[in-house]
Every structure is written in structure tokens, then in C-alpha cells.
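Trainee: Predicted coordinates and the sequence they were generated for:
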Amino acid sequence: MAVGLFALVKYGKALLLLLPKAKVLTTAGSALVSVAAYALFWGWRFAAIFVVLIFIHEMGHVLQLRREGIKATAPMFIPFLGAVVGMKELPPDAAAEARVGLAGPVLGALGAAALLPVYWATGSELWLNLAYVGFFLNLFNLLPVTPLDGGRAMSALAPWMWFAGLFVLVLLLFVAPNPILLLIGLVAAFDVYRRWKGRNEPGAKAYYAVTRRQRALIGATYLVLLVGLVAGMDLTYVERQL
């Protein structure tokens, strides 16, 4: 143990200096693992750009968290589940949570839209298909149920909409059953139950107190995103001959 303590004191400072680099390596490493996983189904080019689209979406959350004064980690990629961003502390209120939640789809939608000029310049359907997937990914995240981004927006707009989001998830599971949707549904059900059960506690009432102006701005952002992403999917949809 003494040897271990000596090593910790001796090399602890160096480890602290390397920690930021380790975080970068962790982000890059998890991104490469995700690219490899997606490439098994879609090929390397599609997989690599798809991971970049996820990164852009997640950086929307990171940038908004920093604007809110909350320290955030770099995105950690999880194959077939997207990516997650760690927070050093929770948002102070539902309005801040909604802003952080919607920042992901805002930047993600811009990232998907940025692929359109590349498609127009090259004529390659790869870019059109990626733009479509990008619009779809961000639209799916607007489902009004936590922990998805739309559910975080509903924290400030109408928390009862979480149940509508759960209902939509159940319908999707019946239409297209898959383990990823099931996992999202289970996490969502637990989170909605936890939040709804504690909604009348003093701390929760203060957390969900939102001004009319905040609600109007968040609602307008949500609706513009919803319409824009649906329009983006319609614009980039390519009918396939079976």
C-alpha cells in the first residue's frame, strides 16, 4: 500500500494533466467503436458521417449546458443508442432543462441540412440519405417523453404530455418491435413515473415553475423544429422500388 501511495503522489500530477486528453481519447475511442458497429450494416462512409451527425447533435447540448453555466463532459458514444453527455450538476429549473434539450435537435437539424449542398454539388444519394436520417434522428428525439429531448421540452410546456409520448413509444413497439425501442420505453416509463410521483413536492413545484415568456419561447422553438424536421424529411425522402 505504501508503494501504491508513493506512486500516486509521484505520478498523480501527471495523471491530472493527462486527464483532459484521456477524455478526448474516450470520446474518440467510443466514436470509432460506433463507426465500426454501424459500418457492419451501412458501410464505412455512411457510418462515419452518421457518427458525425450524432456528435453535432450532442454538441448542441454541451454548448447550451455551458451557456447555462453547467459543466458538461464531451459526448460518449454508445453503438445503436447514440451518445450521452454527462453533467456536473442538474439544470436549475425546467426552462433551463428545456433549452438544453432542444439545443441538440436545433444544432442536429442544421447539421443534417448542411449535407444538402453537398448532395446538390455531387449528385451522390449517400448525402441525401444521410440528410434524411439526420432529420429523422432529430425528429425522433422530439417525442414528448423523457429522457428524449422532446420530453425535456415538455418539462417546461406540459408535463402531462409525457404520457402521450409513452403511448407513442408503445405504438411504435407494436409496429416495429426492437430491443432499442424497448430499452428507451423502459427508461422513459421509469423516469416519467419518478417525476410524476414527486411533482407535488416543494422542490419540484419550484423546479417546474415557468414564466409565460419562457413557455412561449420554448413552445415556438419546439413547433418550428417539428415543422422544419418534417419538411426536411419530406425534401430528402427517396422512394425505393422493391
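Mentor: Noted; the coordinates are in hand.

Trainee: which stretches of the protein aren't confidently modelled?
Mentor: 1-25, 240-242 (pLDDT under 70).

Trainee: any chance you could map the strands in it?
Mentor: 76-78, 82-84 (DSSP state E).

Trainee: can you redo those strands as a markdown table with mean neighbour count and distance to residue 111?
Mentor: (C-beta placed from N, C-alpha, C; glycine too.) What follows is these, written out as a markdown table (neighbours: other CB atoms under 10 Å; distance: least, CB to CB, whole Å):
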| stretch | mean neighbour count | distance to residue 111 |
| --- | --- | --- |
| strand 76-78 | 18 | 15 |
| strand 82-84 | 18 | 13 |
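
Trainee: now residue 214, nearest residue through space, not along the chain?
Mentor: residue 95 (4.4 Å; CB to CB, 6 or more residues apart in numbering).

Trainee: just the helices in this structure please.
Mentor: For the chain, the helices defined by DSSP state H occupy 2-42, 44-67, 94-113, 115-122, 125-140, 149-157, 161-175, 179-197, 202-207, 212-236.

Trainee: So which bits of the fifth one are buried?
Mentor: Along helix 125-140, these residues count as buried under the neighbour rule (16 or more other CB atoms under 10 Å): 126-140.

Trainee: Out of those residues, which is nearest to residue 231?
Mentor: residue 135 (8.5 Å; CB to CB).

Trainee: Is the closest one in contact with residue 233, as I believe?
Mentor: Yes. Because the distance of 4.6 Å satisfies CB atoms under 8 Å, residue 135 is recorded as touching residue 233.

Trainee: quick one, domains of the chain?
Mentor: 1-89, 94-242 (automatic domain parsing).

Trainee: Tell me which of those domains is the most buried.
Mentor: Of all those, domain 94-242 has the most neighbours on average by mean count of other CB atoms under 10 Å, namely a mean of 17.

Trainee: Give me the distance from that domain to the chain's centre.
Mentor: Relative to its parent chain, domain 94-242 has a centroid offset of 8 Å by CA atoms, centre = their mean, to the nearest Å.

Trainee: Adjust the sequence numbering to begin at 30 for everything that follows.
Mentor: Renumbered: residue one is now 30, and that last one reads domain 123-271.

Trainee: and for stretch 217-236, what are the contacting residues?
Mentor: 122-123, 174-177, 180, 184, 188, 191-192, 194-195, 198, 237 (CB atoms under 8 Å, 6 or more residues apart in numbering).

Trainee: What's the end-to-end length of that stretch?
Mentor: Distance between the two ends of stretch 217-236: 20 Å, counting by CA to CA, to the nearest Å.

Trainee: Residue 89 - nearest residue in space that isn't next to it in sequence?
Mentor: residue 136 (3.2 Å).

Trainee: And residue 104, by the same measure?
Mentor: residue 87 is the one closest to residue 104 (CB to CB, 6+ apart), at 3.8 Å.

Trainee: you'd agree the one you found is up against residue 107?
Mentor: No. Assessed by CB under 8 Å, residue 87 is found out of contact with residue 107, at 11.1 Å.

Trainee: Mind listing the shared neighbours of these two?
Mentor: By CB under 8 Å, 6+ apart, residue 87 and residue 107 have these common neighbours: residue 113.
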